[in-house]
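Chemist: Based on what follows, work out the 3D shape:
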Amino acid sequence: MFIATLIADRLPAGDLSSAADRLAAAGCSPGEQRWIDEGVAADICFDSNADAARGALEGAFAGTDVIVQPVEGRAKTLLVADMDSTMITVECIDELADYAGIKPQIAEVTERAMRGELDFAAALDARVALLKGLEESAIDRCLEERVRLMPGAEALVKTMRARGALTILVSGGFTRFADPVGARIGFDRMIANRLLIEAGALTGAVGKPIVDSGTKEATLLAAIAERGLSPHQTLAVGDGANDLAMIRKAGLGVAYHAKPIVAAAAGARVDHGDLTVLLHAQGIARSDWAVSS
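Modeler: The predicted structure is shown next:
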């Protein structure tokens with residue numbers, strides 16, 4: 001059995017009927033429909049062919065996210081998440097570059113790396129090298145002035161933790177951002193790169209080994225082994241090409257407002273809503289969230 005979950009700011013009941021008709025036409029044998037939160041999120045059960053269901057429903061309803069998955073393992077017990085442009089609204093290295101007066105130069109490289117056009121580690125080294133000499137104080141200024149949590153981040157993480165899930169923030173960014181951000185959101189663990197600093201300024205280098213796509217995948221697999229989980233009990237979410245490996249290995253791998261290469265390859269996409277879509281995808285109503293959003 002499978003579930004298609006539809007989530008929108010305003011979800012008319014008529015869209016559920018239309019979705020069921022689309023599933024029937026795709027040969028998916030739709031069954032029970034039920035509201036998770038009336039007018040916002042609803043489930044439609046169906047018997048078979050998840051790929052056909054995605055094809056029939058994704059993009060069919062304006063402003064609506066659709067998550068298709070098996071019924072088994074719907075409630076996840078492991079969350080592994082990217083940070084920049086996923087759990088927070090910015091790319092920290094781009095914002096740091098603004099304090100150095102070179103944001104356009106670095107942001108272009110960041111964008112290309114996130115689209116999968118450049119080797120991530122090499123691109124990170126090249127960008128950090130351009131920050132050589134930037135005062136360490138710019139990190140704290142950036143954290144205070146620029147870094148904002150993605151809507152729904154706290155609700156997602158704190159609700160999953162309250163229900164017994166392990167939550168891990170694994171970032172190709174930097175510990176000086178990931179540690180305070182992760183603590184504020186409520187993650188159990190934070191993993192990120194280390195900016196090297198001497199005499200109160202960035203050296204232009206990052207500690208090795210670099211946290212990259214392989215690290216993210218390895219973190220997911222290690223947590224699965226540590227907790228004795230099945231892959232279908234896991235959720236991974238990110239937006240860039242360096243998130244693809246973990247997204248592909250997770251039971252529910254989600255491309256969040258993602259680059260095209262990620263959106264095309266992920267098992268699920270969130271294109272419209274915030275991170276609380278991933279709570280509704282697990283069948284969790286607003287009344288059961290640990291914090292409001």
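Chemist: Now do the helices in the stretch 101-250 of the chain.
Modeler: Per DSSP state H, counting those that start in this stretch, the stretch 101-250 of the chain carries helices over the ranges 103-114, 120-129, 137-145, 153-162, 175-185, 213-227, 244-249.
Chemist: how about the ones you listed in TSV, adding distance to Ser29?
Modeler: (C-beta placed from N, C-alpha, C; glycine too.) Below are the helices of the stretch 101-250 of the chain laid out as TSV (distance: least, C-beta to C-beta, whole Å):
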stretch	distance to Ser29
helix 103-114	39
helix 120-129	42
helix 137-145	51
helix 153-162	31
helix 175-185	40
helix 213-227	32
helix 244-249	28
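Chemist: Could you dump these into a markdown table with mean pLDDT added?
Modeler: As requested, those are exported to a markdown table (pLDDT from 0 to 100):
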| stretch | mean pLDDT |
| --- | --- |
| helix 103-114 | 92 |
| helix 120-129 | 93 |
| helix 137-145 | 97 |
| helix 153-162 | 98 |
| helix 175-185 | 98 |
| helix 213-227 | 97 |
| helix 244-249 | 96 |
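Chemist: List just the one of these that sits closest to Leu16.
Modeler: helix 153-162 (24.1 Å; C-beta to C-beta).
Chemist: rewinding a little: the helices of the stretch 101-250 of the chain: which one's closest to Ala205?
Modeler: helix 120-129 (6.5 Å).
Chemist: Show me what that closest one packs onto, helices and strands only.
Modeler: Helices and strands touching helix 120-129, by 3 or more C-beta pairs under 8 Å, 6 or more residues apart in numbering; DSSP states H and E, are helix 92-99, helix 103-114, strand 201-206.
Chemist: Contacts only, for Ser48.
Modeler: Phe2, Gly27, Cys28, Ser29 (C-beta atoms under 8 Å, 6 or more residues apart in numbering).
Chemist: any idea which of those has the most stuff around it?
Modeler: With neighbours taken as other C-beta atoms under 10 Å, the top of the contacts of Ser48 is Cys28, carrying 25 neighbours.
Chemist: need the contact list for the closest residue to that residue other than its chain neighbours.
Modeler: Using C-beta to C-beta, 6 or more residues apart in numbering and skipping the chain neighbours, the partner closest in space to Cys28 is Phe46 (4.2 Å). Contact analysis of Phe46 by C-beta under 8 Å, 6+ apart lists Met1, Phe2, Ile3, Ala4, Leu23, Cys28, Ser29, Pro30, Gly31, Ala53.
Chemist: Alright, calling it a day.
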